[in-house]
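Student: I would like to see how this sequence folds:
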Amino acid sequence: MQDEDFIAAFESGSLAATEFDHRAHVRLGWLYLRNMPMAEAIDRFVAGLKAFTRRCGAEDKYHETITWFYLLLIADRQARDQADSFDDFIAANSDLVTDTKAMLTRYYRQETLQAQSARRHFLLPDNFAA
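Tutor: Numbering: from 1, shown residues only. Take a look at the predicted model:
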């Protein structure tokens, strides 16, 4: 699916849950962050993801800390690597999609990510021993 069609399907609610895996989450974040200021990209992504989880009856899956963390990490990687396509970006940053759990535990303690406060509000990374 072309980038514009992918964004339109997500925002209109026509994108099936089966089409929105972790890689698709990262792709959408990359597209938003590439095409708008960071604050606007985060606001738009968060609002869209919350609406998406509501439509799917999976509101309990939304996690604010993980969402913001990944968006900030994508933005940081974009600043270092000016890839022209998402495929090129992922080729240079495959760790963003290969093992989400390892990525998160590199920066966060497990108990932090399991806390209800982390689901509702962005918490800064706290695994400083890593």
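Student: for the nearest residue to M36 once chain neighbours are set aside, which three-state class applies?
Tutor: In space, and not counting its chain neighbours, M36 is closest to R44: 7.2 Å by C-beta to C-beta, 6 or more residues apart in numbering. Glycine gets a C-beta too; all of them are placed from N, C-alpha and C. When classified by DSSP: H, G, I helix; E, B strand; the rest coil, R44 comes out as helix.
Student: tally of neighbours for R44?
Tutor: Per other C-beta atoms under 10 Å, the neighbour tally for R44 reads 16.
Student: now it: how far from C56?
Tutor: Counting by C-beta to C-beta, to the nearest Å, the gap from R44 to C56 is 18 Å.
Student: likewise for F45?
Tutor: 16 Å.
Student: which parts of the worst-scoring helix or strand of the chain on mean pLDDT are buried?
Tutor: The weakest-scoring helix or strand in the chain, judged by mean pLDDT, DSSP states H and E, is helix 100-107 (a mean of 91). For helix 100-107, the neighbour count (16 or more other C-beta atoms under 10 Å) marks M103, L104, Y107 as buried.
Student: need the contact partners of the next helix or strand after that helix.
Tutor: Moving toward the C-terminus from helix 100-107, the next helix or strand (DSSP states H and E) is helix 110-114. Under the contact criterion C-beta atoms under 8 Å, 6 or more residues apart in numbering, helix 110-114 has outside partners H63, T65, I66, L104, A118, L123, D126, N127.
Student: could those be laid out in a markdown table, adding secondary structure and distance to N35?
Tutor: Shown next, in a markdown table, are the contacts of helix 110-114 (DSSP: H, G, I helix; E, B strand; the rest coil; distance: C-beta to C-beta, whole Å):
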| residue | secondary structure | distance to N35 |
| --- | --- | --- |
| H63 | coil | 24 |
| T65 | helix | 24 |
| I66 | helix | 22 |
| L104 | helix | 26 |
| A118 | helix | 28 |
| L123 | coil | 27 |
| D126 | coil | 31 |
| N127 | coil | 31 |
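Student: weed out the non-buried ones from the residues you listed.
Tutor: The buried subset of the contacts of helix 110-114 - by 16+ other C-beta under 10 Å - is H63, T65, I66, L104, A118, L123.
Student: sounds good, over and out.
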